[in-house]
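Student: need a structure here:
(chains A and B)
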Amino acid sequence: MTKSELVEKVVANHKHMTSKEAEYVINEFFHAISLALSEGERVELRGFGSFTTKKREARVGRNPKTGEAVQVPAKVVPHFKPGKELREKVDGNC
Amino acid sequence: MTKAEIANIIHERIGFSKKESAQLVETVLEEIKQALIDGEDVKLSGFGHFMLREKHARRGRNPKTGQDITIEPRRVVTFRASQLLKNNLLDDAE
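Tutor: Predicted coordinates:
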């Protein structure tokens, strides 16, 4: 499923809504999550999962092409942990 | 951040009623969840991809009792953040 397919699904559930409006909602939704994460906040979506950030220490990496050692700076990366309900339902369908 | 806070942002920024904004948050999450349960990956450009991975059975150990157990094959959800989301975290962290 892509974002535009998700837009269609939202319109199907909220019949009076235009796809343009549904698109705004979806963009705002993920923008809000992104913003909260960039402020170091945890985003907990009950029944779905939670988004958090994790710190990565600076390390010495290697350019795989040239073999040259490069300094990789410390960074913060997003992380998603599926909630119990999502985890169980996704696995139950195998 | 919780679902209620995201609903409030949608209410304030797009102007849907509080009730409808809350329903929209549920719809978005439900539709993503349903696609994953149906075995479909969900690709949200600018945010990230929710992908399904099939895990093989492996031998594990109950850390409490030390007993050997077999971990059954299972299907799990993983999230790969888009470059855009990763960059958002880095820009704000500095």
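
Student: can you list the weak-confidence ranges in chain B?
Tutor: Where chain B drops to pLDDT under 70, the residues are B:91-94.

Student: if we go to 90?
Tutor: Filtered on pLDDT under 90, chain B yields the residue ranges B:62-64, B:66, B:71-72, B:89-94.

Student: repeat for chain A
Tutor: Counting by pLDDT under 90, chain A has low-confidence residues at A:15, A:63, A:67, A:72, A:92-94.

Student: Okay, domains of chain B per the record?
Tutor: B:1-40, B:41-94 (automatic domain parsing).

Student: which residues does residue 3 contact?
Tutor: Chain wasn't specified; assuming chain A. Going by Cβ atoms under 8 Å, 6 or more residues apart in numbering or on different chains, A:Lys3 touches A:Glu23, A:Ile26, B:Lys43, B:Leu44, B:Ser45, B:Gly46. No exception for glycine: its C-beta is placed from N, CA and C like everyone else's.

Student: nope, chain B please
Tutor: A:Leu45, A:Arg46, B:Ala22, B:Val25, B:Glu26, B:Leu29.

Student: Now do the phi/psi pair for the second one.
Tutor: Backbone torsions of A:Arg46, given as degrees, to the nearest 10, read phi -50, psi 130.

Student: Quick check, it in contact with A:Lys84.
Tutor: No. Contact criterion Cβ atoms under 8 Å: A:Arg46 and A:Lys84 do not qualify, at 9.9 Å.

Student: Of these two, which one has the most company?
Tutor: A:Arg46 (13 against 10; other Cβ atoms under 10 Å in any protein chain shown).

Student: Do the helix ranked longest in chain A and chain B come into contact?
Tutor: With residue count as the measure and DSSP state H as the assignment, chain A has helix A:19-38 as its longest helix. Yes. Helix A:19-38 comes into contact with chain B (Cβ under 8 Å from any Cβ of the partner chain), by way of A:21, A:24-30, A:32-38.
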